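Colleague: Provide a 3D model corresponding to the input given below.
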Amino acid sequence: MFILLHDVARLIRVEADKRARVMGMTRAQWSLLLRLARNPGLSQKEVADLLEVEPISVARLVDRLEAAGLVERRADEQDRRIWRLHLLPRATAKLEEITRQWECLAAFIVDGIPISTRETIINGLQHMKTNLLQVPPATTLKESA
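Modeller: Below you'll find the predicted structure:
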């Protein structure tokens with residue numbers, strides 16, 4: 001089962017990469033724009049944590065998106081060392097296309113799967129996620145073994 005989950009997740013990433021490239025972007029840029037649309041003003045460090053990448057990777061992503069006129073950095077009001085990220089108006093059209101691409105990809109992925117089965121899959125995946133979020137720290141696992 002875990003290999004299958006891994007394979008499906010990898011294939012989704014590969015297909016999303018292809019779709020992003022057609023738009024002249026990367027999946028990482030898509031993810032950053034989508035995160036900022038949901039949470040304006042995130043710091044580069046917060047985005048790095050959400051995307052599970054190093055802060056320097058986010059800095060490079062932001063450099064490219066800033067050069068494209070999609071994102072801007074603003075100094076944090078309390079701590080000038082922190083950069084807050086904000087979408088620029090030009091990002092709206094990109095976000096609409098990204099959303100459309102994700103919706104098309106989602107529809108393609110579940111094509112031919114009955115709605116009741118989709119609901120079962122979603123419930124199962126949500127339950128797995130909940131379980132994984134409750135896993136104790138690795139040090140606790142070692143101590144109990």
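Colleague: quick one: contacts for the residue nearest in space to the middle of the chain?
Modeller: In the chain, the centroid-proximal residue (CA atoms, centre = their mean) is S31; its distance is 4.0 Å. By CB atoms under 8 Å, 6 or more residues apart in numbering, the residues touching S31 are L51. For the C-beta atoms, the positions are set from N, CA and C on the backbone; glycine is no exception.
Colleague: Now do the contacts for L51.
Modeller: Taking CB under 8 Å, 6+ apart as the test, what L51 contacts is 28, 31-32, 35, 57-58.
Colleague: If you rank those by neighbours, which is first?
Modeller: Counting neighbours by other CB atoms under 10 Å, L32 leads these with 28 neighbours.
Colleague: Find the residue closest to it in space, skipping its chain neighbours.
Modeller: With sequence-adjacent residues excluded and distances taken as CB to CB, 6 or more residues apart in numbering, L32 is closest to L61, at 5.4 Å.
Colleague: got it, and V110?
Modeller: Per CB to CB, 6+ apart, closest to V110 is R118, 5.6 Å.
Colleague: number of nearby residues for that neighbour?
Modeller: A total of 12 residues lie near R118 under the criterion other CB under 10 Å.
Colleague: which outside residues touch the host helix or strand of it?
Modeller: Assigned by DSSP states H and E, R118 belongs to helix 115-133. The contact list for helix 115-133, computed with CB under 8 Å, 6+ apart, reads 110, 113.
Colleague: Then stretch 60-78?
Modeller: 26, 28-29, 32-33, 36, 41, 43-44, 82-88, 90-91, 94.
Colleague: mind listing what's buried in that stretch?
Modeller: In terms of neighbour count (16 or more other CB atoms under 10 Å), stretch 60-78 has its buried residues at 61-62, 65, 70-71.
Colleague: Next, the distance between the ends of that stretch.
Modeller: End-to-end distance of stretch 60-78 (CA to CA, to the nearest Å): 24 Å.
Colleague: Can I take it that R84 is in a strand?
Modeller: Yes. Assigned with DSSP: H, G, I helix; E, B strand; the rest coil, R84 falls within a strand.
Colleague: What residues are bridge-paired with it?
Modeller: S43, R74 (DSSP bridges).
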